[in-house]
Each structure stands twice: as structure tokens, then as C-alpha cells.
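1. Pasting the sequence and the predicted coordinates here, then a few questions.
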Amino acid sequence: MEQTFIILKPSTIRRSLVGDVISRFQRKGLFISGIKMMQLDEAVLREHYAHLVDRPFFPSLLRSMMATPVIVMVLKGKDAVAVVRAMVGATNCRNAAPGTIRGDFGMSGQENIVHASDSVENAGIEIKRFFSPEEIFDYAMDTTPAIYAPDELD
Ligand code: UDP
Ligand code: MG
């Protein structure tokens, strides 16, 4: 089943929203395959946000992402990448639809609560960047028959 990569950004940690955000993913039916706290540094952020290093806001984004430790997660589910991006909402929280995580919890384009992988390919790259294989767990969930029909399991 598909995996996606999430960062609970310093905005989530500082505003004590960790439980609220994780709870949304769990209530949706996504399974937690990996979770840990870590301090990001400039080197890993330059890789992770390589598409943004030349943008004027990049120094501010670096400071924002290093302000506190973050919580990184691997979530598993059918079409998990697209499902999680839809739950997260538009990049700027002020434009994000009510009901999405950014739409409900934020007011900023930068302090926008979570990172979520934007494609299956990038999810694979990002999971490898932040997790070692022994930190990812594959375990049976008793709730599976209540979340998926038999023909939705692969
Ligand atoms: N960002 C920002 N200003 C911008 C655009 C992006 O500070 O004008 C930050 C914001 O925190 C965003 C991150 O850079 O989440 C990565 O940008 P991307 O375009 O990949 O958005 P995302 O995939 O997070 O929605
Ligand atoms: Mg992105």
C-alpha cells in the first residue's frame, strides 16, 4: 500500500497542535508506519526544498523550519499521497479551504503547519531522506476490515 511523508513543522510544535494534526490522519484511516522527532539542519533543508533555494523567502523558510525540532512521519494508505495532500490543503493557509489542516489551523503562507509529499516519486525520495529502513514498520491493523473492502487491499 502507498506511503507518504509528513513533517509536523515548528509551527505545529510551537502552537501545541501535534495531537490535533496526528489525530486527523488517524481518524481518516491512515496508518502510522514511522514517527520520530528530529532537529532539521540547513543541509537537509537545502535538499528537501531544492526547488525553492533561489526564492527570496528561502532564508526565512530555513529559519522557520529550524526554529524547533520537528516530527516526521510516514503514513500508509490507499492513494496516501493524494489523500494526504487533499487533507493538508493549499500552501497558503489563508487560501486553504476550511476543513483542511492548513485551512483550519493556520493564517500564514510559510507557517503552514505541515509538509506533505506532492507525488509518489517524491514520497519515496523523502522517506529515504529522513528515515532508515528499520524505522519504518509494517504491522497488521485490526481496523483494516472496517477501513477497506477486500478488493481495495494490495
Ligand atoms: N513557502 C513560503 N513562501 C512561499 C511559498 C512557499 O514560505 O511563497 C514555504 C511554505 O512553508 C511551503 C514551503 O515553502 O510549505 C514549500 O513550498 P511548496 O511550494 O513546496 O508548498 P507545499 O508543497 O508545502 O504546499
Ligand atoms: Mg512542496
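-> Everything's here; your move. Ligands and ions are numbered 1, 2, ... in the order given.

2. For residue 43, give me the pLDDT.
-> On pLDDT, residue 43 comes in at 98.

3. how close does it sit to residue 51?
-> Residue 43 is 16 Å from residue 51, where distance means C-beta to C-beta, to the nearest Å. For glycine as for every other residue, the C-beta is placed from the backbone atoms N, C-alpha and C.

4. And the pLDDT for the residue lying closest to residue 89 once chain neighbours are set aside?
-> Counting by C-beta to C-beta, 6 or more residues apart in numbering, residue 89 lies nearest to residue 100, which is 2.8 Å off, once chain neighbours are set aside. On the pLDDT scale, residue 100 is placed at 98.

5. So which residues make contact with stretch 100-115?
-> The set of residues external to stretch 100-115 that reach it, using C-beta atoms under 8 Å, 6 or more residues apart in numbering, is 5-9, 11-12, 15, 17, 20-21, 24, 48, 57, 60-61, 64, 86-94, 96-98.

6. Strands - which of the residues you listed land there?
-> 5-8 (DSSP state E).

7. Pull the residues that contact stretch 31-38.
-> Contact with stretch 31-38 is made by 3, 22, 25-26, 69-77, 127, 130-131, 135-138, 141, as judged by C-beta under 8 Å, 6+ apart.

8. How about exporting it as CSV, limited to the C-alpha atoms?
-> Below are the C-alpha coordinates for stretch 31-38, written out as CSV (Å, rounded to 0.1, in the frame of the first residue of the first chain):
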residue,chain,number,x,y,z
PHE,A,31,-1.8,4.1,9.4
ILE,A,32,1.4,5.4,11.0
SER,A,33,4.4,3.4,9.6
GLY,A,34,7.1,5.6,11.1
ILE,A,35,7.3,8.6,13.5
LYS,A,36,10.1,10.4,15.3
MET,A,37,11.3,13.9,16.5
MET,A,38,14.4,15.4,15.0
